[in-house]
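Colleague: Next comes the sequence, and after it the predicted model I'd like to discuss.
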Amino acid sequence: MTILVTGATGTVGRHIVSQLAEAGHSVRALTRDPGRASFPEGVEVVAGDLSVTDTLQAAFDGVTAVHLINFGGDDYAPLPNGQEIVDLARKAGVRRVTVLGGWDESTLEPALRAGGLPWTYIRPTEFMSNSLKWADAVRTEGAVHEPFGDATTALVHEADIAAVAATALVEDGHGGKIYGLTGPERLTTRDKVRLIGEALGREIPFVELTPEQAKERMAAEGTPQEMIDFLLDVFGNVPVEANIVNSVVFDVTGRAPRTFAQWAAENADSFR
C-alpha cells in the first residue's frame, strides 16, 4: 500500500510523512521542489503542484491512500481543481482520503462528497506552531507585543494533527468523519508567552497592543490588508465552538494530546 502525502513539506505534512515512514508504511511525498525537501530514508519524493493537475499523474500512480490539503500555491489560495484531483484518486483506486482544511472550502470538498470516496475531514483549531511568529521578537527584543492578551484558544500540536491523519490513512472506520481537533487545554495569549519563557528559563514580558497599534505594526511589516483584517477578527472574536477542549486526538490515536509546554520545550531553540 502506497500512501501519497501532499503538502509534504508543510507544518503538518512533514509530520505525517515521518510518522507513516517510521511505522513502516510506503510513503510518497509530493513537493514542488524535491531538491529542498528532507524526508526519512525510504520515502519516495515526487515533484508536483497540487493546484496544477497536469503535474499530478505520476504522483497518484499506484496510490491506495492520500492525504490532501484544500489550498495550494504560495498564496494558500483554495484549490481550483478539486474535481480533477478526485478523478485522479478514483482512477488510481484510492480507498482512503484525508483532507486538512483551511478556513474556507475549496472545490475539493464538494467533489469528494459527490465522488464516492471514503474521506475524513480534519479541522484543527489554532496550530501551536503559529507561536513561532514571535521567535524574532523574543530573540531581538526580549518581549512579545500583541493585541488580545486574554484571547483563549485550545491550540493543538501539529504532530497530533498529523497523528490523526496518519491513523485515518491506514485504518478503517474513519470515512465520512469530520474531526475537529483541539489540544488538552485552553490558553490565553499571555499563557503562551509565559510558557515559552519557562521553556527558555527566563521571563518574557507580554506587552499588549491595541487593535489599532497591531494593525499599524502589521501594515508596516508588509502584511496584506486582507490578512490583517482576518487576524484581528479571529483573535478579537475567537470562535468558542472550535475551542472547547475535546478528546478527538485521544479517541483516534489512543494517546493523549501534547501540551503547549511540551511544544515550547521542543521549539525553545527557535526563540534563543
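Modeller: All right, it came through fine.
Colleague: what's the nearest residue to Pro40 if we skip its chain neighbours?
Modeller: Leaving aside its sequence neighbours, Pro40 sits nearest to Ala21 (C-beta to C-beta, 6 or more residues apart in numbering; 4.3 Å). Bear in mind the C-beta positions are built from the backbone N, C-alpha and C, glycine included.
Colleague: Kindly report the same for Phe271.
Modeller: Val138 (4.5 Å).
Colleague: next one: phi and psi at the one you found?
Modeller: phi -70, psi -40 (degrees, to the nearest 10).
Colleague: Next up, the contacts around it.
Modeller: For Val138, the contact set (C-beta atoms under 8 Å, 6 or more residues apart in numbering) comprises 144, 196, 200, 204, 271.
Colleague: distance of it from Val144?
Modeller: Using C-beta to C-beta, to the nearest Å, Val138 is found at 7 Å from Val144.
Colleague: Where does the prediction get shaky in the stretch 51-200 of the chain?
Modeller: Where the stretch 51-200 of the chain drops to pLDDT under 70, the residues are 73-75, 102-103.
Colleague: Now stretch 237-248 - C-alpha only, CSV.
Modeller: The C-alpha trace of stretch 237-248 is given here as CSV (Å, rounded to 0.1, in the frame of the first residue of the first chain):
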residue,chain,number,x,y,z
ASN,A,237,-13.6,37.3,18.3
VAL,A,238,-12.3,33.8,19.0
PRO,A,239,-14.8,31.2,17.8
VAL,A,240,-15.8,29.4,21.1
GLU,A,241,-17.2,26.3,19.4
ALA,A,242,-13.8,25.5,17.9
ASN,A,243,-12.0,26.0,21.2
ILE,A,244,-13.9,23.7,23.6
VAL,A,245,-11.4,21.0,24.6
ASN,A,246,-12.3,17.7,23.2
SER,A,247,-11.0,14.1,23.2
VAL,A,248,-10.7,13.5,19.5
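Colleague: quick one: that stretch to chain centroid distance?
Modeller: Relative to its chain's centre, stretch 237-248 lies at 16 Å (C-alpha atoms, centre = their mean, to the nearest Å).
Colleague: Rounded mean pLDDT for it, please.
Modeller: Stretch 237-248 comes out with an average pLDDT of 90.
Colleague: Residues in contact with that stretch: which ones?
Modeller: Contacts of stretch 237-248 (C-beta under 8 Å, 6+ apart): 123, 125-126, 151-154, 164, 179-186.
Colleague: for stretch 42-58, same thing?
Modeller: By C-beta under 8 Å, 6+ apart, stretch 42-58 touches 2, 6-8, 17, 21, 26-34, 37, 39, 59, 68-69, 72-73, 77, 79-81, 84-85, 88.
Colleague: returning to what we had before: what do Val138 and Val144 both touch?
Modeller: In contact with both Val138 and Val144: Ile204, using C-beta under 8 Å, 6+ apart.
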